[in-house]
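*Asks:* Would you be able to build a 3D model of this:
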Amino acid sequence: MKKILYTCLFILLTLNMFARLDVYFMFAEFNSPQGPYIETYMSILGKSAVFVKKSNNKFQAEIEITMIFKNQDKIITFNKYNLQSPEIDDTSQIKPNFIDLQRISLENGKYQVEISIKDLNSDEEALIIIDEFELNFNSNEIQISGIELIESISETKSVNPLTKNGLDLVPYVSSFYPQNLNKLSFYTEIYNSDKVLNSDFILKYFIQTYEKSVVLDQFSRFKKLSSATIIPFLGEFNIENLTSGNYLLVLEVRNRENELMQTKKFFFQRSNSIAKDQESINKILKTYDISSSFQGSMMIKDSLFQYISCLRPMADLDEQYFIDNKLKALSLDEMQNYFMEFWLKRNNVQPGELWRQYKEQVDYVDRVYKTPINRGYSSDRGRVYLQYGAPDDIYISKHEPSAYPYEIWQYYRIKNENNKKFIFYNPHIAGKEYELLHSDLTGEIKTPNWERLLNKRNTTLYNQDLMESDETWGSRAKDEYRKK
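*Replies:* Take a look at the predicted model:
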C-alpha cells in the first residue's frame, strides 16, 4: 500500500502591489480524537503595519482578520477577530513582527477559505486570500498530517495556542530560508500505526532536490518509532551547507520489511551564497579584462547597470536580492567585478560566450515585450521567457467579448513538471502591459479564481469564492487552459 500526499500550502509574500501590509500565511492539516482540524499560521511584518499611540503612551498595531470556510456555497464556520502587535515605546524602535495561530475544527470534505486581512490604522484596502483544500482523514490507513515549520522551541510554562505536547512551538511562516537561517525544524504527526501495523516502524525523513529528485545523503535521517494512534514528531536539519535552490522535505513511513506505507512532501527554497569554487574565481577576477572578454559597453556605468539588471530572471535567490537592493550603490569597478563573477560561476572557461547567448534572448524580449513603463526583461512575459525559455505553444486572445486581452503560454516540460501553463492578461486593455495572472508551476503565482478576474469586464465579483466566470459567449480561456 503506497500513498503519496502533498502538503497543502499557500504562501502570500510581500504584497505591496496590493496593499501596505506584508503578510506571510500558511496552513497545515491535522487529526485528533475529536476530529480533523486546520491550523493557520500568519506572520505580519511589523515594519509594514501602522503603529498608533495608546492611552498608556505606548505604540501598537492592530489587524482585523476575517476567516470564512465554505463547503460549496454553504458557510461552515466564520471567525472574525483583531490581532494586536506587541507594544513599543516609540516608533523609532524596530517594529516587531507578530504571529497568529488559529485552530479550526472541520469535518472531512472539500473547502474554500477566504481570508480578509485589514490594518485598522490604515486606509489601505484589506488583503484577500482565497484558497481551497481537502480534509480526508480516516482510521483505516497510515496517514501523515500537514507539516508545520518551526522557528523556535521552548518548554511550556502555561498552556497557550502555541503549545503541543508540553512544548511551545513558534511557527516559521514561510517556505523560504535565507542565508542567515541555518536550521530547518518541523513538526508533524503520524496516525493509525497501531491499527495498521501494530509494530515498530521506521520514519525516514530527508531533503531532495526539487528539479531532479536527487536525495541528499548528508540531509537524510531515520527514526524508529513504536506504534500508537497519534505519534507527534519533531525533526531538524542543519542547513548551513545547503546551497541555494529548490528542495523537497520528504517524510516516508516504512514497515519492518522496508515497504513504503505513506509519503509526505513539502516544497521549500534555500538561499545560500556558498560558492563551490570561489577561490579559483577570485584568482581569475584579478587578471580578467572585462572590456575584451565581454561584448557591450562595459565601461559605461548606466549600460552595465542595465546588463546586470537583466540577469535577474536567471539569477539565484541571493543574486536576485543583491540586484534588487545593492546594485544602485555600486561603483563602476564593483559592477564590473559583480558582472564578471556572475558569469564565471556559470562558465569559467567561456563566460563571455554564455553572456552573448543570453543577451540575444534579452534583446529579443526587449523588442517583443518592451513597453513605455518596463524594459522587456522587467515585464512578466519577458521574465518568464528568460527564466524558462520559449514556450512550446502560445494562445493569444485580444477580442473576446467579456475577457481582457490575454495569452496562455504552455510548456510541455519545465524542470521535473509536465504541461505547465502561464496566463498573462492586460487589464488596461490598451498597450502591452500584460501581467501574470496565474500559473500552475510550483513557485509561481497562484490565483484560484483567475477565470473570473480574466472576465471581470462582464463578470461580477460579488462572490469571491467562485472560481469560474459566469457563462459568456465567445470565451475560450478555460478550454485553452485545460488543453493537454
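*Asks:* use CA for all of it now, contacts and neighbours both
*Replies:* OK.
*Asks:* just checking, residue 115 touches residue 81?
*Replies:* No. Assessed by C-alpha atoms under 8 Å, residue 115 is found out of contact with residue 81, at 11.6 Å.
*Asks:* more neighbours, these two?
*Replies:* A direct count of neighbours by other C-alpha atoms under 10 Å for residue 115 and residue 81 places residue 115 higher, at 18 against 10.
*Asks:* ok, the more buried one to residue 334 distance?
*Replies:* 45 Å (C-alpha to C-alpha, to the nearest Å).
*Asks:* go on, residue 422?
*Replies:* Distance, residue 422 to residue 334, using C-alpha to C-alpha: 36 Å.
*Asks:* More neighbours: those two, which one.
*Replies:* Remark: of residue 422 and residue 334, residue 422 carries more neighbours, 23 against 12, as counted by other C-alpha under 10 Å.
*Asks:* okay but residue 175 is in contact with residue 249, surely?
*Replies:* No. If you go by C-alpha under 8 Å, residue 175 and residue 249 don't touch, sitting 10.6 Å apart.
*Asks:* which residues do those two both contact?
*Replies:* 267, 268 (C-alpha atoms under 8 Å, 6 or more residues apart in numbering).
*Asks:* These two: which is more packed in?
*Replies:* In terms of neighbours (other C-alpha under 10 Å), residue 249 is the more surrounded of residue 175 and residue 249; the figures are 21 against 17.
*Asks:* Check what pLDDT the more buried one gets.
*Replies:* Residue 249 is assigned 97 on the pLDDT scale.
*Asks:* One more: residue 298?
*Replies:* At residue 298 the predicted local confidence, pLDDT, stands at 78.
*Asks:* where does it fall, phi/psi-wise?
*Replies:* Main-chain dihedrals, residue 298, degrees, to the nearest 10: phi -80, psi -10.
*Asks:* Pull up the overlap in contacts between residue 115 and residue 81.
*Replies:* By C-alpha under 8 Å, 6+ apart, residue 115 and residue 81 have these common neighbours: 65, 66.
*Asks:* distance of residue 134 from residue 107?
*Replies:* On the measure of C-alpha to C-alpha, residue 134 and residue 107 end up 10 Å apart.
*Asks:* Only C-alpha atoms, please: export the longest helix anywhere in the chain in CSV.
*Replies:* Of all segments of type helix in the chain, defined using DSSP state H, the longest is helix 351-369. The C-alpha trace of helix 351-369 is given here as CSV (Å, rounded to 0.1, in the frame of the first residue of the first chain):
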residue,chain,number,x,y,z
PRO,A,351,31.8,33.3,-19.7
GLY,A,352,31.7,35.9,-22.4
GLU,A,353,30.1,33.4,-24.9
LEU,A,354,27.5,32.5,-22.3
TRP,A,355,26.6,36.2,-21.9
ARG,A,356,26.4,36.7,-25.6
GLN,A,357,23.9,33.9,-25.9
TYR,A,358,21.8,35.2,-23.1
LYS,A,359,22.0,38.8,-24.4
GLU,A,360,20.5,37.6,-27.6
GLN,A,361,17.4,36.4,-25.7
VAL,A,362,17.3,39.7,-23.7
ASP,A,363,17.4,41.7,-26.9
TYR,A,364,14.5,39.5,-28.3
VAL,A,365,12.2,40.0,-25.3
ASP,A,366,13.1,43.7,-25.3
ARG,A,367,11.9,44.0,-28.9
VAL,A,368,8.7,42.0,-28.3
TYR,A,369,7.7,42.9,-24.8
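*Asks:* Using neighbour counts, pick out the buried residues of it.
*Replies:* 351, 352, 355, 358, 359, 361, 362, 364, 365, 366, 369 (16 or more other C-alpha atoms under 10 Å).
*Asks:* Over to stretch 182-197?
*Replies:* Within stretch 182-197, the residues scored as buried using 16+ other C-alpha under 10 Å are 182, 184-194, 196-197.
*Asks:* Please apply the same query to stretch 406-421.
*Replies:* 406, 407, 408, 409, 410, 411, 420, 421.
*Asks:* Tell me which helix or strand comes right after whatever helix or strand the third one lives in.
*Replies:* In this structure, residue 408 sits in strand 406-414 according to DSSP states H and E. Taking DSSP H and E as the definition, the helix or strand that follows strand 406-414 towards the C-terminus is strand 417-425.
*Asks:* Alright, that wraps it up for me.
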